[in-house]
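Visitor: Sequence and predicted structure below; questions after.
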Amino acid sequence: NEGEAFPSGTITGDVLNHGTLRPDSNIVYTTPGRIYGDVKQAADGILVANMRPDGGYVSVTGRADIDGTLQLEQATDNSFGAPVAPPATPFSMQVLHADGGVFGQFAQWTSPGLFITGSVRYLANDVFFDASSISAAQAMAAARAGDAVTLSAASRFDAALGNATGRAGAIPESPTDAQRRLLASAGVIQRLRTWDQAIRTFDSLSGSGYAT
């Protein structure tokens, strides 16, 4: 694979990954992709994991030799396409299973935004990502990004997202406009990549950015 592959069904044969392996990140599809053979991810390869404990992952009958990047992404809801707020932390999600054993480690892991902390856990036959926190306020305080007003707005965002996370599984098939906007906005904020963007965003939410 030198492009993008979606191993959510069945693949028979060995897989050498120089591109991106992307198990389906939609919450409707949680069956792991099954590869009947060995998997080797090269240094330029990427394995995508969606941030849900019950999400899809790659399952291998042979051995898995891993290198390269583990890339965390937000799951989406197929019923209306919005990003799904991740579960309350701490939580663990499975990334890979190999009947024949897991060998090597990812060179790095990346997240869709600034506010996720955690670590990759390697077992004899499985790989998990353990998310220790998803907190805008904690991450910004640690980075000394923004002032007290900025951090206060980030704390209120964390509280709103925590409430949304608790209700994520109960969102109806036809969500209200308010529910759509909340999840879409939360998804955008969670994907912020720089501290300057984060400061501007939370200053905007607090109103202080407009006042300035």
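Guide: Received, thanks. Note that the structure is a prediction, hence the values are computed from the model and not measured.

Visitor: average pLDDT for the lengthiest helix in the chain?
Guide: Looking across the chain with DSSP state H, the single longest helix is helix 148-167. Taken as a whole, helix 148-167 carries a mean pLDDT of 77.

Visitor: And for stretch 56-65?
Guide: pLDDT averaged over stretch 56-65 gives 91.

Visitor: ends of it, how far apart?
Guide: Taking C-alpha to C-alpha, to the nearest Å as the measure, stretch 56-65 stretches 19 Å from start to finish.

Visitor: Need the contact partners of stretch 189-203.
Guide: 74, 83, 86, 112-115, 134, 136, 140, 143, 145-146, 149-151, 153-154, 157, 209, 212 (C-beta atoms under 8 Å, 6 or more residues apart in numbering). C-betas here are computed from N, CA, C, even on glycine.

Visitor: Check those residues for burial and list the buried ones.
Guide: Buried by 16 or more other C-beta atoms under 10 Å: 74, 83, 86, 112-115, 134, 136, 140, 145-146, 150-151, 153-154, 157, 209, out of those.

Visitor: In helices, which of those appear?
Guide: Applying DSSP H to the buried ones among the contacts of stretch 189-203, the entries found in helices are Ala136, Met140, Thr150, Leu151, Ala153, Ala154, Phe157, Gly209.

Visitor: you'd agree Ala153 is up against Ser206?
Guide: Yes: checked against C-beta atoms under 8 Å, the pair Ala153 and Ser206 is within contact range at 3.8 Å.

Visitor: got any ranges where this protein has weak pLDDT?
Guide: 8, 24-33, 53-55, 76-88, 162-175 (pLDDT under 70).

Visitor: that's a strand at Gly62, yeah?
Guide: No: when classified by DSSP: H, G, I helix; E, B strand; the rest coil, Gly62 is found to be coil rather than part of a strand.

Visitor: OK, contacts around the nearest residue to it once chain neighbours are set aside?
Guide: Closest residue to Gly62 apart from its sequence neighbours, by C-beta to C-beta, 6 or more residues apart in numbering: Asp38 at 3.7 Å. Asp38 makes contact with Asp14, Val15, Val60, Gly62, Arg63, Ala64, Asp65, Gly100 under the criterion C-beta under 8 Å, 6+ apart.
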